[in-house]
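Colleague: Sequence and predicted structure below; questions after.
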Amino acid sequence: MSSKSAPPPLPEPLSVPVADSHTHLDMQEGTVEEALARAAAVGVTTVVQVGCDIKGSRWAAETAAAHDSVHAAVALHPNEAPRIVLGDPEGWSRQGAREAGGHGALDDALVEIDRLAALPQVRAVGETGLDYFRTGPEGIAAQERAFRAHIEIAKRHDKALVIHDRDAHADVLRILAEEGAPERTVFHCYSGDAEMAEVCAAAGYFMSFAGNVTFKNAQPLRDALVAAPRELVLVETDAPFLTPVPYRGRPNAPYLIPVTLRAMAAVKALDEETLAAAISANTAEAFGY
């Protein structure tokens with residue numbers, strides 16, 4: 001195995017255990033049991049498994065039911081909604097090529113997300129939001145409709161809302177304000193600047209930072225982390241994506257949370273234990289476990 005594709009080594013364990021607030025175990029190598037054992041060995045004792053489509057959301061709910069250390073989030077990803085409505089002739093998504101289903105198909109999918117959101121092991125509705133990077137203008141209406149529906153579902157079931165916001169900050173904040181955000185709202189893989197962090201803090205939104213906070217070009221993100229109040233900060237892997245430096249480009253997994261957390265502590269000028277304790281409490285509060 002080349003060093004590029006080899007899994008990074010286990011970091012030094014955290015002395016205060018924390019949660020990975022956003023991971024995709026179904027997209028990672030190996031079994032769930034192996035992933036959870038490696039994570040627990042370094043002090044990552046809880047993970048939030050996030051669904052991006054119907055199949056993945058069902059799997060998240062089943063996996064959370066089977067493992068005490070796993071909580072589930074269920075949703076149609078912002079890029080999934082347009083694929084349901086408009087079809088996916090290129091087969092870019094994991095389901096392969098798909099016919100256009102129209103708004104009726106989106107409604108049917110949202111009914112299933114609503115059903116899953118009622119389950120006790122499902123702690124959040126997400127990841128939902130807007131993604132202007134991958135979806136062109138023709139898909140924005142479907143994204144927005146799905147986003148508003150997910151906000152309503154989260155509020156009705158008193159679950160957290162997990163936001164995917166890519167190149168869409170102003171519209172995401174506007175729609176949250178228009179609909180009225182759920183009591184607990186998490187910006188996953190926070191990507192705004194320090195000014196937006198102040199807006200999120202004023203609204204009480206949690207900001208979850210991923211491995212990209214360690215990237216060389218990510219100074220605006222580090223500035224946002226400095227601006228984000230300690231009581232609203234979470235940490236995540238978004239694994240298998242966004243592996244932190246020095247392992248960027250290699251497969252990410254929940255056991256690498258300590259690498260990102262230590263980098264975050266340095267940015268916030270806090271000791272590791274202080275930040276880990278805050279993040280542990282914040283994640284439990286955000287997801288209601």
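Modeller: Yep, that arrived.

Colleague: Tell me the pLDDT of residue 1.
Modeller: The model reports residue 1 with a pLDDT of 52.

Colleague: Residue 224 too?
Modeller: As predicted, residue 224 sits at a pLDDT of 98.

Colleague: what's the closest non-adjacent residue to it?
Modeller: Nearest-residue entry for residue 224: residue 197, 4.2 Å, with adjacent residues in sequence omitted and distances by CB to CB, 6 or more residues apart in numbering. Any C-beta I mention is one placed from the backbone N, CA and C, and that applies to glycine too.

Colleague: Quick check: phi and psi on that neighbour?
Modeller: The phi and psi values for residue 197, taken as degrees, to the nearest 10, are phi -60, psi -40.

Colleague: what does the average pLDDT come to for the strand ranked longest in the chain?
Modeller: When the chain is parsed with DSSP state E, its longest strand is strand 122-131. Throughout strand 122-131, pLDDT has a mean value of 98.

Colleague: repeat for stretch 7-27
Modeller: For stretch 7-27, the mean pLDDT works out to 97.

Colleague: Can I get it as CSV, trimmed to CA atoms?
Modeller: This file holds the C-alpha atoms of stretch 7-27, laid out as CSV (Å, rounded to 0.1, in the frame of the first residue of the first chain):
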residue,chain,number,x,y,z
PRO,A,7,-4.5,4.9,6.8
PRO,A,8,-2.6,7.4,9.1
PRO,A,9,-1.3,6.1,12.4
LEU,A,10,-3.3,6.4,15.6
PRO,A,11,-2.6,9.7,17.4
GLU,A,12,-1.9,10.1,21.1
PRO,A,13,-5.2,9.5,23.0
LEU,A,14,-7.1,12.5,24.3
SER,A,15,-7.2,12.7,28.1
VAL,A,16,-10.8,14.0,28.0
PRO,A,17,-13.1,12.0,25.6
VAL,A,18,-14.9,13.8,22.9
ALA,A,19,-17.4,13.1,20.1
ASP,A,20,-17.0,13.2,16.3
SER,A,21,-20.0,15.4,15.5
HIS,A,22,-20.2,14.4,11.8
THR,A,23,-18.9,11.2,10.1
HIS,A,24,-19.8,8.9,7.2
LEU,A,25,-18.9,5.4,8.4
ASP,A,26,-20.7,3.9,5.4
MET,A,27,-18.1,5.5,3.1
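
Colleague: Show me what the host helix or strand of residue 283 is in contact with.
Modeller: Using DSSP states H and E, residue 283 falls within helix 272-287. For helix 272-287, contacts defined as CB atoms under 8 Å, 6 or more residues apart in numbering pick out 14-19, 21, 43, 46, 48, 71, 123-124, 160, 184, 186, 206, 230-235, 261-262, 264-265, 268.

Colleague: Which of those residues fall within strands?
Modeller: 18-19, 21, 46, 48, 71, 123-124, 160, 186, 206, 233-235.

Colleague: buried stuff in the longest strand of the chain?
Modeller: Neighbour counts using 16 or more other CB atoms under 10 Å place 122-131 of strand 122-131 among the buried residues.

Colleague: Mind giving me the packing neighbours of that strand?
Modeller: strand 44-50, helix 54-66, strand 70-74, helix 102-117, helix 140-156, strand 160-166, helix 169-179 (3 or more CB pairs under 8 Å, 6 or more residues apart in numbering; DSSP states H and E).

Colleague: That strand pairs with which strands?
Modeller: Applying DSSP bridges, strand 122-131 is found paired with strand 70-74 (parallel), strand 160-166 (parallel).

Colleague: Distance to residue 9 and mean pLDDT for these - can I get that in TSV?
Modeller: Formatted as TSV, the strands paired with strand 122-131 follow (distance: least, CB to CB, whole Å; pLDDT from 0 to 100):
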stretch	distance to residue 9	mean pLDDT
strand 70-74	24	98
strand 160-166	30	98
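
Colleague: right, so those strands: which one is the most enclosed?
Modeller: Stretch with highest mean neighbour count among these: strand 70-74 (a mean of 29; mean count of other CB atoms under 10 Å).

Colleague: ok and that strand relative to helix 54-66, angle-wise?
Modeller: 150 degrees (axes from the mean of the first three to the mean of the last three CA atoms, to 10 degrees).

Colleague: what's the next secondary structure element after strand 70-74?
Modeller: helix 80-86.

Colleague: for that following helix, what is the average pLDDT?
Modeller: For helix 80-86, the mean per-residue pLDDT is 95.

Colleague: contact partners of that helix?
Modeller: By CB under 8 Å, 6+ apart, helix 80-86 touches 52-53, 76, 92-93, 98, 100-103, 105-106, 109, 135, 138-139, 142-143, 145-147.

Colleague: I figured residue 222 hits residue 213, correct?
Modeller: Yes - Residue 222 lies in contact with residue 213 (CB atoms under 8 Å); the separation is 6.2 Å.
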